[in-house]
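Enquirer: Attaching a predicted model along with its sequence, questions to come.
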Amino acid sequence: MGRMLPIGIQDFEKQRRDGYVYVDKTAYIYRIASISTPFFLSRPRRFGKSLLVSTLKYYLAGRKGLFERLAIERLAEEDPGAWEGNPVFHLDFDGANYREDRLEDVLGTQLARWERDLELNRVAVGFGDRFYDVLCAAHAQTLRSPCRRIRQALA
């Protein structure tokens, strides 16, 4: 029996871990992650956006083991910081029923999850201030990009 096709599997880790067929497009992931300008991705429905974002998430988080024998493994050899791992904030709106759920509730739930994961005591009330606190907490844990720049970007 051959390898399974990943029909409906949108998580890169699951595809790799469970041995599904995976068409290696990680060279594109490396290019996207390496450019310093904003990147806009537009693709039709059911065209692999979720898998692409999932793959990007695991790469940026430094999950090197998932990328063995893929193009990005070879490309990242030249970049000493490629597998350091970064905090990744992935907003997933899949599964919400917007006829019943309000967008604010979905965002609030996601922020609460990040606050819990980062062991933050919520002080801020608004979404912008709460997100700022989450980004600052992630910064404090990784000692990357100064929080002051984040505050300016959110203003």
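Expert: Good, I have the coordinates.
Enquirer: State the helix or strand in which the closest residue to His90 other than its chain neighbours lies.
Expert: In this structure, His90 finds its nearest non-sequential neighbour in Lys57, 5.2 Å apart by CB to CB, 6 or more residues apart in numbering. (Glycine included, C-beta is placed from N, CA and C.) Lys57 belongs to helix 49-60 when elements are defined using DSSP states H and E.
Enquirer: Arg116 and Gln110: what is the separation?
Expert: Relative to Gln110, Arg116 is positioned 11 Å away (CB to CB, to the nearest Å).
Enquirer: Neighbour count for those two, which is higher?
Expert: Higher neighbour count among Arg116 and Gln110: Gln110, with 18 against 10, using other CB atoms under 10 Å.
Enquirer: which secondary structure elements does the helix or strand encompassing Asp105 contact?
Expert: When elements are assigned from DSSP H and E, Asp105 belongs to helix 103-117. For helix 103-117, the packing partners by 3 or more CB pairs under 8 Å, 6 or more residues apart in numbering; DSSP states H and E come out as helix 127-142.
Enquirer: who's in contact with Ser54?
Expert: Listed by CB atoms under 8 Å, 6 or more residues apart in numbering, the contact partners of Ser54 are 10-13.
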